[in-house]
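structure for the following, please:
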Amino acid sequence: MEQQHRTGSDARRSGSDTSAPQRRRQARGLRRMNEILDAAAHVFARDGYEAATTNGIAAEAGISPGSLYRYFRNKEEIATALVTEYSERLRAAHDAAFGMSDVATLPAEEVVGRVVDPILAFDAENPGFRALHGRPDMPAGLSDAVRPVQEAMLERVSALLDARNPGRPATELDRVAQMMIRTFQATMPAIAAADPAERPAVVAELEAMLGAYLTAFEKR
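Numbers count the residues shown, from 1 in each chain. Take a look at the predicted model:
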């Protein structure tokens, strides 16, 4: 019995010794992947998706290109991982933007403001988001990665329009929602480039434009 106990203890200790280095390696690998994604976000925001390179991302992360390729095979794979991360973070912003119980009764421009402001705040906190998603056109190799985010946004905006305009055809609601989303995306670069003192006025112009469009649609 004593021998069995000793053998069991040794096995557990041996297993612990084996798993601890493995956990440390996994933690280091996760940290390195996060460092690469953070670097990619800065490079995409600074240079744009098309001009960004894996060499530039590796340099921003302070590692060699060979080290980067241990985790990601190419730029598209990095972008896909980053979009997935943004999608998870964006859910909270969407909840804040679309979680309105009084959506059917608020003035159109106020509804627009409540939707736009949290998403613009998310954009400001995540500089790579605009380069990957906040644009009306989508580079080759990125469309599939971004599609779930676009579909979620379209579904939310269409549901908001349906709550305010019950009985309208779904195809019409989707078309109007798509136009509003595209307009929002098209103005994001101008908002980001505006002088900080001028930015609230630019955002107000966007919200007034979307509010006027929503009002006109609801009066048809």
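
quick one, what contacts the residue lying closest to Ile191 once chain neighbours are set aside?
Of all residues not flanking Ile191 in the chain, Val202 sits nearest, at 5.3 Å (C-beta to C-beta, 6 or more residues apart in numbering). Heads up, the C-betas are built off the backbone N, CA and C, glycines and all. By C-beta atoms under 8 Å, 6 or more residues apart in numbering, the residues touching Val202 are 187, 190-191, 194.

most neighbours among those, which one is it?
Within the contacts of Val202, most neighbours by other C-beta atoms under 10 Å means Ile191, with 21 neighbours.

right, and that one touches Leu120 too?
Yes - assessed by C-beta atoms under 8 Å, Ile191 is found in contact with Leu120 at 6.7 Å.

quick one: common contacting residues for those two?
Shared contacts of Ile191 and Leu120, defined by C-beta under 8 Å, 6+ apart, are found at Val203.

contacting residues around the most centrally placed residue in the chain?
Computing the C-alpha centroid of the chain and ranking residues by C-alpha atoms, centre = their mean puts Tyr86 first, at 3.0 Å. Contacts for Tyr86 were tallied using C-beta under 8 Å, 6+ apart; they are 126, 128-129, 132-133, 149.

repeat the analysis, applying 7 Å as the threshold.
The neighbours of Tyr86, taking C-beta atoms under 7 Å, 6 or more residues apart in numbering as the test, are 126, 129, 133.

gap between the second one and Asn74?
Looking back up the chat, that one is Phe129. 20 Å (C-beta to C-beta, to the nearest Å).

quick revisit: SS state for the residue nearest to the centre of the chain?
helix (DSSP: H, G, I helix; E, B strand; the rest coil).

which residues of the chain fall in helices?
Taking DSSP state H as the test, the helices found in the chain are 2-47, 54-61, 65-69, 75-98, 108-125, 127-132, 143-164, 170-193, 199-218.

mean neighbour count, those helices: which tops it?
helix 127-132 (a mean of 22; mean count of other C-beta atoms under 10 Å).

my guess is Ala41 meets Arg130, correct?
No - using C-beta atoms under 7 Å, Ala41 is not in contact with Arg130; the gap is 10.3 Å.

got the domain boundaries for this structure?
Listed domain ranges for the chain are 2-69, 75-218 (source: automatic domain parsing).

so what's the residue nearest to Pro127 when sequence neighbours are not counted up against?
Counting by C-beta to C-beta, 6+ apart, Ala45 is the residue found nearest to Pro127 once chain neighbours are left out, at 3.7 Å. Taking C-beta under 7 Å, 6+ apart, we find Ala45 in contact with 127-128, 130-131.

gap between Thr215 and Val112?
Taken as C-beta to C-beta, the span from Thr215 to Val112 is 10 Å.

follow-up on the earlier one: would you turn the contacts of Tyr86 into TSV with pLDDT?
Formatted as TSV, these follow (pLDDT from 0 to 100):
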residue	pLDDT
Asn126	83
Phe129	79
His133	70
